[in-house]
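**Q** structure here, sequence nowhere to be found:
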């Protein structure tokens, strides 16, 4: 499965060899940080709400 994923990624990324693990780790880290930043914005104000008040208003 990993071998197939390496081949598919190598066909999409021009000039990137399948063995460049540092680049893949960097891209993975960048995507994880972006996902955390995107979810932190809406989650922070929502976490401040009291669930009982929200359910009563509904």
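**A** Great, that's in hand. Predicted model only: the values in this text are computed from it and were never measured.

**Q** strands along this structure, start to end?
**A** Assigned by DSSP state E, the chain shows no strands.

**Q** which parts of it are helices?
**A** 2-12, 21-47, 51-57 (DSSP state H).

**Q** will you turn those helices into TSV that also has mean pLDDT?
**A** Shown next, in TSV, are those (pLDDT from 0 to 100):
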stretch	mean pLDDT
helix 2-12	72
helix 21-47	86
helix 51-57	89
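
**Q** can you redo these as a markdown table with mean neighbour count?
**A** To be clear about C-beta, it is placed using only N, CA and C from the backbone, and glycine gets the same treatment. Output for the helices of the chain, formatted as a markdown table (neighbours: other Cβ atoms under 10 Å):
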| stretch | mean neighbour count |
| --- | --- |
| helix 2-12 | 10 |
| helix 21-47 | 10 |
| helix 51-57 | 8 |
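
**Q** got phi/psi on residue 13?
**A** Residue 13 adopts backbone torsions of phi -100, psi 110, taken as degrees, to the nearest 10.

**Q** which residues are in contact with it?
**A** For residue 13, the contact set (Cβ atoms under 8 Å, 6 or more residues apart in numbering) is empty.

**Q** quick one: it from residue 27, how far?
**A** 9 Å (Cβ to Cβ, to the nearest Å).

**Q** with residue 48 instead?
**A** For residue 48 relative to residue 27 (Cβ to Cβ), the value is 34 Å.

**Q** what's the answer for residue 20, then?
**A** 10 Å.

**Q** how about residue 42?
**A** For residue 42 relative to residue 27 (Cβ to Cβ), the value is 25 Å.

**Q** that's all I had, so thanks and see you.
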